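K.L.:
Below are the sequence and a predicted model; questions follow.
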Amino acid sequence: MSQTVRVALNRPIRRLFDYWVPEGRQLCPGQRLRVPFGPRSAIGLVVETGVTPPPGLELKPAGAALENWPALPPETLELLSWAASYYQHPLGECLFMALPPALRRGQPAELTAPESFWQLIDVSGSTNLPANAHRQRELMEQLRLAEGPVPWSQLRQQGYTKAQLHSLGQKGLVRAAEKPAVNQLPSTTESNLPPLTGAQQEAFRALPQECGFSATLLYGITGSGKTELYLHYLQDRLEDAGQALVLVPEINLTPQTVARFRRYFGGRIVVWHSALNDRERLETWLRVRNGEPVILIGTRSAVLLPFTRLQAIIVDEEHDSSYKQGEGFRYSARDMAVFRAQRNHCPVILGSATPSLESLHNARTGKYTRVDLTERAGNATEPTISLLDIRSRPLEGGLSRPAIQAIGAALEARQQVLIYINRRGYSPVLMCFDCGHIAECPHCDTRLTYHRRDRALRCHHCDYQQPAFRHCPKCDSEACHPVGQGTERAEEVLATAFPATPVLRIDRDSTQRKGSIQSIISQVNEGNPCILVGTQMVAKGHDFHNITLVVVINADGGLFSVDFRAPEQMVQTLLQVSGRAGRGSLPGKVLIQTCHSDHPLLQSLAGGNYLAMAKQLLTERQESALPPFRAMAIVRAEAPSMEEALGFLDQIRQQLTDDAVEIWGPLPAALARKADRHRAQLILQADRRGHLNRVVSRLCADLDSRRLPTSLRWIIDIDPLETS
Ligand SMILES: Nc1ncnc2c1ncn2[C@@H]1O[C@H](COP(=O)(O)OP(=O)(O)OP(=O)(O)O)[C@@H](O)[C@H]1O
Ligand SMILES: [Zn+2]
């Protein structure tokens, strides 16, 4: 009897395909194979074997398997199948997301050239190196700490080059070595972690002791040493053969976190993020799939990797919005991490100084256990936060006199200052002061941001850009001026006000060049007086010890937004950025400039008590019957005209007659036109998640079966983070 298999393809279609398998061949779920598809062939993944195909259907024979083992082990297959149905995304696309690009394309699951390994010959030899050979010296230090041959891929991930290795090789300092046997990679390089403080010990004891499933919310204020706790936890609980997953919002911004893990776990640490090339992805993926005892530190998509011996999952900064994928397969890596831990029977720890309201709610209802760490580590104390009302104060480039004075005083004392501003570019508006003309994007309903460095006007929503005008295109006046503040302008103003101090800007524009972030971070770490200016990128996890002053240029953005999550996100960002002050032995101070110093949210922010604010916000959510008290899904539509988009959603609204589902809309999105497409949305809410899921699933099936105009696009976002 020949077998019939059901196969998923990497296509945006919500269906699977059956093939018969020629006699004598066996396939198992998760295996890659080649199958005929239309006039060509495609790479598929077996989802199910021994299926009974619908009667009367003439099946084609499956092609050869690409390897004789499942690329996706059962547990990963199960995780992704659950996610595909929960997030209403085609299974094939979800499954292929768990493969590295090379395997999606059908390349063999092996590395073409064997990997080289490197080790130190002579430890004392570093004195022969030229004085400026810092990187080579660091490289030797890495090899010395590793206590065994280090794979080239790991050195490359740390930014070293083959040229540096060869140069050291020629001097007789390092040499290529034999590959150590698998699973014999050195585990711990520096066995002594710094001892935990009293408060940390207490928190540590409250972390899960058992190896079965448990979900813990670690509420640890900024600078309390959550990373230290993770290290101790893994050192204590992870078996020699076990794997662990550490999710972080963004790796390149905080290389020091990875360095801290490497110091203790050496070759066990591997990283996973968007800057890896195809070969690095394949390498890392293979190590994970082969069950090597790695501790993988990765961004969002790392939660999809095929671990087989997972013993612990940590989600750092669990509130961070980057855990939610914004397009395509719109999954939440945090929520998938919890599901994954459940399936793997292992603990998951969600850590944050500003936990999401979702997680706090889960802790309240007993789904998660909350562990608190409310003291800063070492000599550090919590920063004091003051509101600075700027309504009647003259501003210089967005900065008030008291702020400038405070900056001057901190620099005078040879300390560092951080300025937070939530907009990149020079100014959000370029305006003609004679006729009032404002530069707008011709393709989006938004204004163009002025970038002074290259005198360009750019749309931050589509890629449109044009040269900035000197003469108003409407009235030809020369009185065209930037209005409002961006990071570039703050940088300029500060450089003028403090000419003797380096001003370092961190935003998406200033960090495009590879290594630029690293060089800024090293400069700040040297501890000399400097001013750091940036967007939320400066708030994420940095641990600079000499920053004693943080200035928030304008806190008001989130106060009056239509998005119901805006206040939560505003409070989180402001507390995170405040938390960068006073992490060393000197106390920290935070000045928050605002036009609404009497606003209750800002008032309690000054108190610095996140839990009290979160409690207030949760009460408001409950009163308005919003998540996390109800489940939410959004149907978004995009069309060449707003009528079409709204009309389509209106039809859906008519057809959804379920009393248990509350429907808002259809309404145009806050950014109603983006890249010439008109956007509208319909919000669905229900008390029970399972119920909403069934309704949405039926809706998807129905929409899939309909013949819709090709110009109309719709998507469904489950547990959306953006709702405006
Ligand atoms: N037990 C300890 N002994 C010595 N130093 C410690 C200890 N715990 C933490 N530290 C130091 O305190 C600082 C803050 O720790 P860490 O970066 O882990 O905090 P965090 O809780 O992750 O903060 P944030 O949420 O603000 O990123 C670090 O410089 C760390 O090295
Ligand atoms: Zn645009």
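P.N.:
Okay, I see it. Residues are numbered from 1 along each chain as shown. Ligands and ions are numbered 1, 2, ... in the order given.

K.L.:
Next one: residue 406 from residue 89, what distance?
P.N.:
Distance of residue 406 to residue 89, computed by C-beta to C-beta, to the nearest Å: 49 Å. C-beta here means a position set from N, CA and C on the backbone, and glycine is covered the same way.

K.L.:
Who has more neighbours out of these two?
P.N.:
With neighbours defined as other C-beta atoms under 10 Å, residue 406 and residue 89 compare such that residue 89 has more, 24 against 20.

K.L.:
Grab the nearest non-local neighbour of that one.
P.N.:
Closest residue in space to residue 89, ignoring its immediate chain neighbours: residue 329 at 4.6 Å, by C-beta to C-beta, 6 or more residues apart in numbering.

K.L.:
And that neighbour, how close does it get to residue 83?
P.N.:
Using C-beta to C-beta, residue 329 is found at 8 Å from residue 83.

K.L.:
joint contacts of these two?
P.N.:
The contact sets of residue 329 and residue 83 overlap at 89, 94 (C-beta atoms under 8 Å, 6 or more residues apart in numbering).

K.L.:
Could you check which of these two has the larger neighbour count?
P.N.:
Neighbour tally, residue 329 and residue 83, criterion other C-beta under 10 Å: the higher count belongs to residue 83, 24 against 18.

K.L.:
which bits of the stretch 451-600 of the chain sit near ligand 2?
P.N.:
Residues of the stretch 451-600 of the chain lying near ligand 2 by C-beta under 5 Å from the ion: 459, 461, 462, 464.

K.L.:
ok, now which ones touch the nearest residue to residue 174 once chain neighbours are set aside?
P.N.:
Counting by C-beta to C-beta, 6+ apart, residue 174 lies nearest to residue 168, which is 4.5 Å off, once chain neighbours are set aside. Counting by C-beta under 8 Å, 6+ apart, residue 168 makes contact with 136, 139, 140, 174.

K.L.:
what about residue 168, which SS state?
P.N.:
helix (DSSP: H, G, I helix; E, B strand; the rest coil).

K.L.:
May I ask which helix or strand of the chain has the lowest mean pLDDT?
P.N.:
Across the helices and strands of the chain, mean pLDDT, DSSP states H and E gives its lowest value to helix 152-157, namely a mean of 79.

K.L.:
wait, residue 3 sits on residue 22?
P.N.:
No. Using C-beta atoms under 8 Å, residue 3 is not in contact with residue 22; the gap is 9.0 Å.

K.L.:
Just the strands from the stretch 251-400 of the chain, written as ranges.
P.N.:
Along the stretch 251-400 of the chain, counting by DSSP state E, counting those that start in this stretch, strands occupy 269-272, 295-298, 310-316, 347-352, 369-373, 384-389, 395-396, 399-400.

K.L.:
Same list (those strands) but as a markdown table, adding distance to ligand 1 and mean neighbour count.
P.N.:
As requested, the strands of the stretch 251-400 of the chain are exported to a markdown table (distance: least, C-beta to the nearest ligand atom, whole Å; neighbours: other C-beta atoms under 10 Å):
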| stretch | distance to ligand 1 | mean neighbour count |
| --- | --- | --- |
| strand 269-272 | 16 | 24 |
| strand 295-298 | 14 | 24 |
| strand 310-316 | 7 | 24 |
| strand 347-352 | 7 | 26 |
| strand 369-373 | 7 | 19 |
| strand 384-389 | 15 | 17 |
| strand 395-396 | 29 | 14 |
| strand 399-400 | 25 | 22 |
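
K.L.:
For these, which has the smallest mean pLDDT value?
P.N.:
The minimum mean pLDDT among those belongs to strand 395-396 (a mean of 84).

K.L.:
outside of that one, which residues touch it?
P.N.:
In contact with strand 395-396 (C-beta under 8 Å, 6+ apart) are residues 404, 493, 497.

K.L.:
can you narrow the residues you listed to ones near ligand 1?
P.N.:
Residues of those in contact with ligand 1 (C-beta under 6 Å from any ligand atom): none.

K.L.:
so where is this protein shaky, pLDDT-wise?
P.N.:
The chain contains residues with pLDDT under 70 at 1, 113-114, 122-128, 147, 179-191, 514.

K.L.:
The lengthiest strand in it: which residues count as buried?
P.N.:
Looking across the chain with DSSP state E, the single longest strand is strand 661-674. By neighbour count on 16 or more other C-beta atoms under 10 Å, the buried set for strand 661-674 is 661, 663, 665, 666, 668, 669, 672, 673, 674.

K.L.:
swap in stretch 10-18?
P.N.:
By neighbour count on 16+ other C-beta under 10 Å, the buried set for stretch 10-18 is 10, 14, 16, 17, 18.

K.L.:
Which residues are in contact with the third one?
P.N.:
Which is residue 16. Contacts of residue 16 (C-beta under 8 Å, 6+ apart): 6, 7, 8, 47, 48, 91, 92.

K.L.:
Strands of the stretch 451-600 of the chain, start to end?
P.N.:
456-458, 465-467, 480-483, 503-506, 531-534, 547-552, 589-594.

K.L.:
Residue 703 against residue 713, yeah?
P.N.:
No. When contacts are counted by C-beta under 8 Å, residue 703 is not listed as touching residue 713 (11.0 Å).

K.L.:
which residues does residue 175 contact?
P.N.:
So residue 175 contacts 118, 119, 121, 169 (C-beta under 8 Å, 6+ apart).

K.L.:
Apply 6 Å and report the result again.
P.N.:
Neighbouring residues of residue 175 by C-beta atoms under 6 Å, 6 or more residues apart in numbering: residue 121.

K.L.:
Which phi and psi values does it adopt?
P.N.:
Backbone torsions for residue 175, taken as degrees, to the nearest 10, come to phi -150, psi 160.

K.L.:
what about it, distance to residue 687?
P.N.:
66 Å.

K.L.:
same deal with residue 677?
P.N.:
Residue 677 is 33 Å from residue 687, by C-beta to C-beta.

K.L.:
Residue 456 too?
P.N.:
Residue 456 is 49 Å from residue 687, by C-beta to C-beta.

K.L.:
same deal with residue 168?
P.N.:
In terms of C-beta to C-beta, residue 168 sits 64 Å off from residue 687.
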